[in-house]
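Asks: need a structure here:
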Amino acid sequence: MFSLASRAARPAAAHVARRSQLQLRTVTVKEGLTATDAWNKSCYSEIDYTVNEDMPVYEAVQKFAAYNIGCLVTTDGDGKISGVVSERDYVCKIALLGKTSKETTVKEISTKSANLITASPSETVSDCMAKMLLKDIRHLPLLDDDGHVVGIVSIKDLVKAELKEKEDAIRTLSNFALGKGGHFGSD
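Replies: Next up is the predicted model:
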């Protein structure tokens, strides 16, 4: 019923199929980027992103301008997180109310830690973005298991990380479809 050539080809084809399945498993796209991944590429990872809550708002504004950022983590006298202060806080609570930034302290205008939305470094970028969109915020302090601040990410940092992940996935799948993936290696 089957020719000798087709009977010989069947085991060879099965071997190639098994080999291809094994190789497909090795060509993967990294899933679930974390807040730490976004943090590591953030401009915040290279600067002092904190300001003491007892300092004048002017100090925070100077950091905003010097580092080209929009938010700082506020700390108390012991160096523990007490909240965040943003450019929006300055505009809404200083400039519009006629106060002066040199005479107003950071703690007078900051969002206090009791009302603060935070994330852990191990949370996914997607989860962080969901928190930010739900609460309409643009910055998210990262706290370790003991509640110590270990970083801060902006929505821009998270979007960049998500975009990079999608570009990598598209490149991997395109390379595979073009025969550049799997055991062929990617050029």
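
Asks: need the contact list for the residue nearest to the spatial centre of the chain.
Replies: Centroid-nearest residue in the chain, with CA atoms, centre = their mean: residue 38, separated by 3.1 Å. Residues in contact with residue 38 (CB atoms under 8 Å, 6 or more residues apart in numbering) are 125, 128, 153, 157-158, 160-161. To be clear about C-beta, it is placed using only N, CA and C from the backbone, and glycine gets the same treatment.

Asks: State whether residue 148 and residue 80 are indeed in contact, as I suppose.
Replies: Yes: using CB atoms under 8 Å, residue 148 is in contact with residue 80, at 7.4 Å.

Asks: So which residues of this protein form strands?
Replies: In the chain, the strands defined using DSSP state E lie at 50-52, 71-75, 81-86, 111-112, 139-143, 149-154.

Asks: And for the last one, what's in contact with it?
Replies: Counting by CB under 8 Å, 6+ apart, the neighbours of strand 149-154 from elsewhere in the structure are 35-36, 38-39, 42, 44-45, 49-50, 69-71, 73, 75, 81, 84, 119, 121, 128, 138-144.

Asks: Just the buried residues from the residues you listed, in PyMOL please.
Replies: If you want just the buried ones from the contacts of strand 149-154 in PyMOL, going by 16 or more other CB atoms under 10 Å, the selection is:
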select buried, resi 35+36+38+39+42+44+49+50+69+71+73+75+81+84+119+121+128+139+140+141+142+143
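
Asks: May I have the phi/psi pair for residue 104?
Replies: phi -110, psi 140 (degrees, to the nearest 10).

Asks: Pretty sure it sits against residue 98.
Replies: No: counting by CB under 8 Å, residue 104 stays clear of residue 98, with 10.8 Å between them.

Asks: more neighbours, the two?
Replies: Neighbour count, other CB atoms under 10 Å: between residue 104 and residue 98, residue 104 has more, with 17 against 6.

Asks: The more buried one and residue 53: what is the separation?
Replies: Note on residue 104: its distance to residue 53, by CB to CB, to the nearest Å, is 12 Å.

Asks: Flag the shaky bits of this structure, pLDDT-wise.
Replies: In the predicted model of the chain, residues 1-31, 181-187 satisfy pLDDT under 70.

Asks: What segments of it are helices?
Replies: 4-26, 35-40, 57-67, 87-90, 106-109, 125-135, 155-177 (DSSP state H).

Asks: Let me know which of these is the nearest to residue 115.
Replies: helix 125-135 (9.8 Å; CB to CB).

Asks: Give me the angle between the closest one and helix 155-177.
Replies: 140 degrees (axes from the mean of the first three to the mean of the last three CA atoms, to 10 degrees).
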